[in-house]
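Novice: Here is a sequence with its predicted model. Questions after.
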Amino acid sequence: MTIAISILIGLLAGILSGLIGVGGGVILIPAFIYLFGMTQHQAQGTTLALFLPPIGLLAFLTYYRQGYVNVPVAAFVCIGFFIGGLFGAKFAVAMSNEMLRKVFGVSLFLVSLQLIFSKT
């Protein structure tokens, strides 16, 4: 059962990632918390483990072949993401589970407001 649910969640997150560019934070973290009973820290750590293999490679290639990837921007953002991830992880593990969940929730809320009310 856990294997089947894990594959199903991964499939859903993969489809949404390829379709609208989301997956880890929006789908996987809540699923890990509510379906697997993980803490916020465990859910975030498990989601970050997915970055290790080239998970988005096939979706990236699909976008790249259509000319929808700005490679220089992606390369430089990747460098910042690599270093920023270290600092973000250090901040996160120092927080209580309750505080981390609130930070996560507020982040999703603010992003949703930006997407809903943005004119561009």
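Specialist: Looks like it arrived, so ask away.
Novice: Now do residue 14 against residue 82, distance only.
Specialist: From residue 14 over to residue 82 the distance is 22 Å, taken as Cβ to Cβ, to the nearest Å. For every residue, glycine as well, the C-beta is placed using N, CA and C.
Novice: repeat for residue 23
Specialist: For residue 23 relative to residue 82 (Cβ to Cβ), the value is 19 Å.
Novice: Please identify which of these two sits among more neighbours.
Specialist: Between residue 23 and residue 82, counting by other Cβ atoms under 10 Å, residue 23 is the more crowded of the two (24 against 9).
Novice: what sits against the nearest residue to that one once chain neighbours are set aside?
Specialist: Nearest residue to residue 23 in three dimensions, chain neighbours excluded: residue 17, at 3.5 Å (Cβ to Cβ, 6 or more residues apart in numbering). Residue 17 makes contact with 23, 24, 56, 59, according to Cβ atoms under 8 Å, 6 or more residues apart in numbering.
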